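**Q** Sequence plus predicted model, see below.
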Amino acid sequence: MSSLDITRLDTGSAEFDQKLHQKIAWDDSIDPKVQETVREILDAVRTEGDAAVLRYTASLDRLDAASVSDLQVSRERLDRALDAIGADEREALEHAASRIRAYHEKQRPESWQYEEADGTRLGQRVLPVDRAGLYVPGGKAAYPSSVLMNAIPARVAGVSEVVMVVPAPDGELSDLVLAAAVIAGVDRIYTLGGAQAIAALAYGTETVPAVDKIVGPGNIFVAMAKREVFGIVGIDMVAGPSEILVVGDGTTDPDWIAMDLFSQAEHDEQAQSILVSPDADYLDRVHQSMEKLLPTMERAEIIRRSLEDRGMLIKVASLSEAADVSNRIAPEHLELSVADPDGLLAEIRHAGAIFMGSYTAEVLGDYCAGPNHVLPTGGTARFSSPLGVYDFQKRSSVIYFTGEGASQAGRTASVLARGEGLTAHARSAEYRLRS
Ligand SMILES: NC(=O)c1ccc[n+]([C@@H]2O[C@H](COP(=O)([O-])OP(=O)(O)OC[C@H]3O[C@@H](n4cnc5c(N)ncnc54)[C@H](O)[C@@H]3O)[C@@H](O)[C@H]2O)c1
Ligand SMILES: N[C@H](CO)Cc1c[nH]c[nH+]1
Ligand SMILES: [Zn+2]
């Protein structure tokens, strides 16, 4: 049995606040070189277009191509991918897709309008963006589930053109990823990754069309690149390395909790897994389960690094205090692995997705529960929401005044315009006044 050196904290200790802050402030620990590299790549793609995209794809993903159009996945390659996957895999993708579609259909917002007594009409029109860019991660693992989670809400929103990018390190491209793209209705796919893919989607190149909005998770290079291009294009959020926080009251089998913590740790060395419990003995038992199970994991080294660098076992005084700690962290995924999850839910304010009770493993949400698995990370659940249909739409206000309505509102506008010293504004309203 190998020992696992995971940080233990107690809310009762003097150094709790400071240690917690150090562990959760992943932004502070970003190497400034990452930002430098990302800016360099963005600049190169903006100014040189395809040539820079090809250069970075060759050096970072070890994938050579004569032109960027060679990096677009052909119809034949997509058909081969559909044929190559097993019947059970095809069925699982389709089952997940239909659950994800059903959930996202509920999110479709309606345009609305109301009319005042004098015939004035005011409304809000909801329309999809014209072209969306989906980033599907593919450096350390392939994510067919992320294809479904990104593309299905775009389609439900009514986006006309859905462009997907996914890295193919060493030319390797997952059949499942391609099959998921066909099932979800992606229009075109480029095997591009990292900051160079984000730059191509944001600025456009000779080959890759510029999009209106870029969505999807990725590693630190992707997250930083999205942050940098925001404003030129819309972005959904800065979704970084995965996170899970489990609140446990001791009623769930420790092996189950250990595996739930591993499930997110295995994504990335920078992923974060945290267990919070009022029961010190339970924290010990989960720790023992982790030590027992770690050697059985394929991605044991990534899991170990993630848990030892960023993981925590936190002892609290009560479940209420566990909710407070969780609200401070605002985790991407929160498991309420307690006997009365509904009771505790009332105390939770910030989390990307909340998994209720012992049977609701977070991984069900990763693949097929229905809600989106692209969720705010790094504490941003305080102000952002899961990826959804609304991320692919924008709203316009619609305003219609009758002569009578314009006369009434015009008096107010005129007074306010003159108060602001804006004479043209005032007179524009005054022309339409009725005596
Ligand atoms: N929030 C979610 O919904 C969700 C879903 C799936 C995965 N994830 C997260 O996405 C991330 C996926 O990361 P990944 O690395 O496997 O794939 P990725 O596709 O995000 O990143 C791979 C790309 O990073 C670039 N890159 C790598 N090293 C670089 C360097 N030194 N300099 C410049 N660029 C470099 C390369 O261009 C490569 O194509 C993980 O952190 C995982 O936790 C999140
Ligand atoms: N847990 C990831 C979101 O943080 C999503 C995912 C994809 N595949 C497996 N898990
Ligand atoms: Zn996951």
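**A** Nice, thanks for sending it over. Ligands and ions are numbered 1, 2, ... in the order given.
**Q** Okay, strands next: where are they in the stretch 301-435 of the chain?
**A** For the stretch 301-435 of the chain, the strands defined by DSSP state E, counting those that start in this stretch occupy 312-315, 333-337, 353-356, 393-400.
**Q** okay, and for this structure, where does confidence drop off?
**A** 1-2, 26-29 (pLDDT under 70).
**Q** Would you tell me which residues of it are close to ligand 2?
**A** 143, 145, 146, 242, 264, 332, 366, 373 (CB under 6 Å from any ligand atom). Where C-beta positions appear, they are placed from N, C-alpha and C, glycine not excepted.
**Q** Mind checking which of the residues you listed land in helices?
**A** In this view, the residues of the chain next to ligand 2 that belong to helices under DSSP state H are 145, 146, 264, 366.
**Q** which one among those gets closest to residue 68?
**A** Relative to residue 68, the closest of these is residue 146; by CB to CB it sits at 22.6 Å.
**Q** nearest residue to the closest one other than its sequence neighbours?
**A** The spatial neighbour of residue 146 that comes closest, neighbours along the chain excluded (CB to CB, 6 or more residues apart in numbering), is residue 136 at 5.1 Å.
**Q** residues from the stretch 101-250 of the chain in reach of ligand 1?
**A** Counting by CB under 6 Å from any ligand atom, the residues of the stretch 101-250 of the chain near ligand 1 are 137-141, 143, 146, 167, 193-195, 217-219, 221-222, 239, 241-242.
**Q** mind listing what the most centrally placed residue in the chain touches?
**A** Centroid-nearest residue in the chain: residue 374, 3.3 Å away (criterion: CA atoms, centre = their mean). By CB atoms under 8 Å, 6 or more residues apart in numbering, the contact set of residue 374 is 146, 149, 150, 215, 216, 217, 236, 237, 239, 386, 387.
**Q** Could you measure from it over to residue 146?
**A** The gap separating residue 374 from residue 146 is 7 Å, by CB to CB, to the nearest Å.
**Q** And residue 168, by the same measure?
**A** Distance of residue 168 to residue 146, given as CB to CB: 15 Å.
**Q** quick one: residue 183 and residue 152 touch, right?
**A** No: assessed by CB atoms under 8 Å, residue 183 is found out of contact with residue 152, at 9.1 Å.
**Q** give me the number of residues near residue 36?
**A** 10 (other CB atoms under 10 Å).
**Q** That one is in what secondary structure piece?
**A** helix 32-48 (DSSP states H and E).
**Q** Going by neighbour count, which residues in that helix are buried?
**A** 34, 35, 37, 38, 41, 42, 44, 45, 46 (16 or more other CB atoms under 10 Å).
**Q** one step back: my guess is the residue nearest to residue 146 meets residue 168, correct?
**A** No: if you go by CB under 8 Å, residue 136 and residue 168 don't touch, sitting 10.9 Å apart.
**Q** just the helices in the stretch 201-350 of the chain please.
**A** When assigned using DSSP state H, counting those that start in this stretch, the helices of the stretch 201-350 of the chain occupy the ranges 220-229, 254-265, 280-293, 300-310, 319-329, 341-345.
**Q** In JSON lines: those, plus mean neighbour count and distance to residue 353.
**A** Below are the helices of the stretch 201-350 of the chain laid out as JSON lines (neighbours: other CB atoms under 10 Å; distance: least, CB to CB, whole Å):
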{"stretch": "helix 220-229", "mean neighbour count": "23", "distance to residue 353": "19"}
{"stretch": "helix 254-265", "mean neighbour count": "23", "distance to residue 353": "12"}
{"stretch": "helix 280-293", "mean neighbour count": "18", "distance to residue 353": "21"}
{"stretch": "helix 300-310", "mean neighbour count": "20", "distance to residue 353": "19"}
{"stretch": "helix 319-329", "mean neighbour count": "20", "distance to residue 353": "13"}
{"stretch": "helix 341-345", "mean neighbour count": "15", "distance to residue 353": "12"}
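**Q** how about those helices in JSON lines, adding distance to residue 392?
**A** Output for the helices of the stretch 201-350 of the chain, formatted as JSON lines (distance: least, CB to CB, whole Å):
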{"stretch": "helix 220-229", "distance to residue 392": "16"}
{"stretch": "helix 254-265", "distance to residue 392": "26"}
{"stretch": "helix 280-293", "distance to residue 392": "39"}
{"stretch": "helix 300-310", "distance to residue 392": "31"}
{"stretch": "helix 319-329", "distance to residue 392": "29"}
{"stretch": "helix 341-345", "distance to residue 392": "28"}
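**Q** element containing residue 9?
**A** According to DSSP H and E, residue 9 maps onto strand 7-10.
**Q** That strand - contacts with which helices or strands?
**A** Secondary structure elements in contact with strand 7-10, counted by 3 or more CB pairs under 8 Å, 6 or more residues apart in numbering; DSSP states H and E, are helix 16-24, strand 312-315.
**Q** Pull out the CA atoms of the shortest one and give them to me as PDB.
**A** Listed in PDB are the C-alpha atoms of strand 312-315, where the atom choice follows Å, rounded to 0.1, in the frame of the first residue of the first chain:
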ATOM      1  CA  MET A 312      -7.700  18.500   0.900                       C
ATOM      2  CA  LEU A 313      -9.400  16.600   3.600                       C
ATOM      3  CA  ILE A 314     -11.200  19.200   5.800                       C
ATOM      4  CA  LYS A 315     -12.600  18.600   9.200                       C
END
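**Q** Walk me through which strands it pairs with, and which way each runs.
**A** Strand pairing for strand 312-315, determined by DSSP bridges: strand 7-10 (parallel), strand 272-277 (parallel).
**Q** what sits up against stretch 421-428?
**A** When contacts are defined by CB under 8 Å, 6+ apart, stretch 421-428 is touched by residues 413, 414, 417, 418.
**Q** buried residues in that stretch?
**A** residue 426.
**Q** Repeat that for stretch 294-301.
**A** So for stretch 294-301, counting by 16+ other CB under 10 Å, buried means 294, 297.
**Q** Could you give the separation of that stretch from the chain centroid?
**A** 26 Å (CA atoms, centre = their mean, to the nearest Å).
**Q** could you check whether that stretch is close to ligand 1?
**A** No: judged by CB under 6 Å from any ligand atom, stretch 294-301 and ligand 1 are separated, with a smallest distance of 11.5 Å.
**Q** Output that stretch as PDB - backbone C-alpha positions only.
**A** What follows is stretch 294-301, C-alpha atoms only, in PDB (Å, rounded to 0.1, in the frame of the first residue of the first chain):
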ATOM      1  CA  LEU A 294      -4.600   4.400  -5.900                       C
ATOM      2  CA  PRO A 295      -2.300   1.500  -7.000                       C
ATOM      3  CA  THR A 296      -5.200   0.100  -9.000                       C
ATOM      4  CA  MET A 297      -5.700   3.200 -11.100                       C
ATOM      5  CA  GLU A 298      -4.400   3.600 -14.600                       C
ATOM      6  CA  ARG A 299      -3.800   7.300 -14.200                       C
ATOM      7  CA  ALA A 300      -2.300   6.800 -10.700                       C
ATOM      8  CA  GLU A 301       0.500   9.300 -11.200                       C
END
